[in-house]
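K.L.:
my questions are about this predicted structure, shown below with the sequence.
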Amino acid sequence: MAEEAVLGFLEHNEQIGDSGEFALEKGISHEEIVNVIKSLNGFRFVDAQDIKKERWQLTAEGKTYAATGSPEFQLFMAIPPEGISRVELQKKLGDSVFKIGCQQAIKNKWVEMGKAQVSRKVAHVDDNVKALLIKINDGEALNQEDIDALKRRKLISPQIWKGYSVKKGPNYAPKRRKPATDLTRENLQSGEWKELQFKEYNFLAKGFPVEGGCLHPLLKVRRQMQMIFLQMGFEEMPTNNYVESSFWNFDALFQPQQHPARDSHDTFFLREPSTTKILPEDYVERVKRIHESGGHGSRGYGYDWKREEANKNLLRTHTTAVSSRMLYALAKKPFEAKRYYSIDRVFRNEAVDRTHLAEFHQIEGLICDRGLSLGDLQGVLHDFFSRLGMSKLRFKPAYNPYTEPSMEIFGYHEGLKKWVEVGNSGMFRPEMLLPMGLPEDVTVIAWGLSLERPTMILYGIDNIRDLFGHKVDLGLIKSNPICRIGL
Ligand code: PHE
């Protein structure tokens, strides 16, 4: 109805001068008229110009006086011809009307205020204030002096009124037909499509955000690492056991029982079940011997190896525990060269800070073959890390109980323009491999790194707690890029 009123009026008239007056004339709410004007203006049916007017509106106090009379008038009317005591008058009117009423009535010289008595000074008064307030409410214009007086008493406040003046626009038509948004089977069949006006496509409109599952950065980098291992011919090791015995986690790796890593300060031991039941007894015997007195050219550690210590269950501290099980299994069959990898979770009893968590993921690779040398290890590491975008590597001698020689791996990070430590590596010791039963000429080269560190470098995250754990922002997972190149 509002739309017809606007378009219909413009058919025979030059313009609508003031949407407010127009609304009043047509008996339609101004809000409705304004909405129609905005929409018609958007489609250029009309040309609308803003009009702003300052108007006055009654404050809450103004509204009560417009209804019940000004306090001074109420006060005057409450005084009988013979006068009244202050106390009684105040009781009759209430505190606020009495107080304001007195001030104004005295100013108007309507009343005489004695010490105790109040009496009328004139016989008749008019409630001018009420009359003015009613006028304002009806939208009538007042002279500036009256406005100022009401403003000072905070009975009125300014209000910006917004409306429009409206003329025909370039697309003006006396009636707006709603443009069709879709070509339907029905309008094709009926032939209606020939007449229809179609709404233009808005190619700039933003589509709905796509909702769907998102992969955590660690999963993406894990996938990338997996692909590299698979391309290099590695098989995945089964790492689905977080709980391991000390035997496989430490003893099989020739890690002495008094080694500090085996302390509960560094390792989470299990309370229930606290010990393992099954270990390969003949192999346990060979491990005990190599720790205590050596063999195969080694002197061993020369201490009293305790079975109870080996039986203790723990949360594995490295995936090398899995590697030791795999190599032992390999040693039981006729020898076959193997390339194995794993990427899974490990646990360490560490103080949590911005670069350490008590659990993280390890990436581990090993190659088991006859006659492998340190040169082979360096070559494989070059191959592996250059696939991650790091072709410059440096090695630093290091120590692991189960490898000799051992090397820390540093890679030159082209993005960060510096050398960063990327992993640890070595050749497994004969003290580890020979008790398993692997042939003497078989060597195993291996390396390990964390999954978190390269992920943090790739995603520019400097606090590990923003990557993993209960403080991770879902936004990180939802909004990170689909792919990244280089480590
Ligand atoms: N297990 C080692 C670590 O936890 C990594 C490693 C694996 C080192 C294989 C040498 C060989 O850091």
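P.N.:
Good, I have the coordinates.

K.L.:
how near is whichever residue of the stretch 151-300 of the chain sits closest to the ligand to Pro401?
P.N.:
Per Cβ to the nearest ligand atom, the residue of the stretch 151-300 of the chain with the smallest distance to the ligand is Leu253, at 8.3 Å. In this view, the C-beta of every residue, glycine as well, is placed from N, C-alpha and C. Applying Cβ to Cβ, to the nearest Å, one obtains 6 Å for the distance of Leu253 from Pro401.

K.L.:
let me see the mean pLDDT of stretch 308-318.
P.N.:
pLDDT averaged over stretch 308-318 equals 97, rounded to a whole number.

K.L.:
show me where the stretch 51-200 of the chain has its helices.
P.N.:
60-68, 71-78, 86-93, 95-107, 128-137, 144-152, 185-190 (DSSP state H, counting those that start in this stretch).

K.L.:
next up, the contacts around the residue of the stretch 151-300 of the chain closest to the ligand.
P.N.:
Shown in contact with Leu253 (Cβ atoms under 8 Å, 6 or more residues apart in numbering): 320-321, 324, 401-402, 432.

K.L.:
what does the chain put close to the ligand?
P.N.:
Taking Cβ under 6 Å from any ligand atom as the contact definition, the chain meets the ligand at 318, 320, 364, 400, 403, 424-426, 446-448.

K.L.:
and the residue of this structure closest to the ligand?
P.N.:
Closest approach of the chain to the ligand (Cβ to the nearest ligand atom) occurs at Gly448, with a separation of 2.8 Å.

K.L.:
give me the element that residue is part of.
P.N.:
Using DSSP states H and E, Gly448 maps to strand 442-450.

K.L.:
right, and the helix or strand after that strand?
P.N.:
Read in the C-terminal direction, the helix or strand following strand 442-450 is helix 452-459, with elements assigned using DSSP H and E.

K.L.:
can I get the CA coordinates of that next one in CSV?
P.N.:
Written as CSV, here are the backbone C-alpha positions of helix 452-459 (Å, rounded to 0.1, in the frame of the first residue of the first chain):
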residue,chain,number,x,y,z
GLU,A,452,55.4,-30.3,16.4
ARG,A,453,58.6,-28.4,15.6
PRO,A,454,58.4,-28.4,11.8
THR,A,455,54.6,-27.7,12.1
MET,A,456,55.3,-24.7,14.3
ILE,A,457,57.9,-23.4,11.9
LEU,A,458,55.5,-24.0,8.9
TYR,A,459,52.5,-22.3,10.5
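
K.L.:
what's it packed up against?
P.N.:
helix 217-231, strand 418-428 (3 or more Cβ pairs under 8 Å, 6 or more residues apart in numbering; DSSP states H and E).

K.L.:
redo that, cut-off 10 Å
P.N.:
Contacting helix 452-459 under the criterion 3 or more Cβ pairs under 10 Å, 6 or more residues apart in numbering; DSSP states H and E are the following elements: helix 217-231, strand 359-370, strand 403-413, strand 418-428.

K.L.:
re the thing from before, now the contacts of Leu253 in a markdown table, with distance to Glu235?
P.N.:
Listed next are the contacts of Leu253 as a markdown table, based on distance: Cβ to Cβ, whole Å:
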| residue | distance to Glu235 |
| --- | --- |
| Thr320 | 17 |
| Ala321 | 18 |
| Ser324 | 16 |
| Pro401 | 26 |
| Tyr402 | 21 |
| Met432 | 20 |
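
K.L.:
so what pLDDT did the spatially closest residue to Leu377 that is not a sequence neighbour get?
P.N.:
In this structure, Leu377 finds its nearest non-sequential neighbour in Ile445, 4.0 Å apart by Cβ to Cβ, 6 or more residues apart in numbering. Listed pLDDT for Ile445 reads 98.

K.L.:
so what's Ile445 up against?
P.N.:
Ile445 is in contact with 365-369, 372-381, 403, 425-428, counting by Cβ atoms under 10 Å, 6 or more residues apart in numbering.

K.L.:
would you mind checking the residues you listed for buried ones?
P.N.:
The neighbour-count test (16 or more other Cβ atoms under 10 Å) marks 365-369, 372, 377-378, 380-381, 403, 425-428 as buried among the contacts of Ile445.

K.L.:
what about the closest residue to Leu133 other than its chain neighbours, how many neighbours?
P.N.:
Once flanking residues are discounted, Leu133 sits nearest to Ala66: 3.9 Å by Cβ to Cβ, 6+ apart. One way to gauge burial is a neighbour count; for Ala66, by other Cβ atoms under 10 Å, it gives 20.

K.L.:
hang on, Ala66 packs against Gln57?
P.N.:
No - between Ala66 and Gln57 there is no contact under Cβ atoms under 10 Å: 11.2 Å.

K.L.:
intersection of neighbour lists for these two?
P.N.:
Overlap between the contact sets of Ala66 and Gln57, as judged by Cβ under 10 Å, 6+ apart, is given by 136-137.

K.L.:
and stretch 362-379, average pLDDT?
P.N.:
Stretch 362-379 comes out with an average pLDDT of 97.

K.L.:
quick check: end-to-end length of that stretch?
P.N.:
Using Cα to Cα, to the nearest Å, the span of stretch 362-379 from its first residue to its last is 21 Å.

K.L.:
just stretch 192-200 next, same as before
P.N.:
Between the opening and closing residues of stretch 192-200 there is a gap of 18 Å (Cα to Cα).

K.L.:
what sits up against it?
P.N.:
For stretch 192-200, the surrounding residues in contact (Cβ under 10 Å, 6+ apart) are 43, 176-184, 186-187.

K.L.:
if anything else comes up later, I'll come back, but that's it for now.
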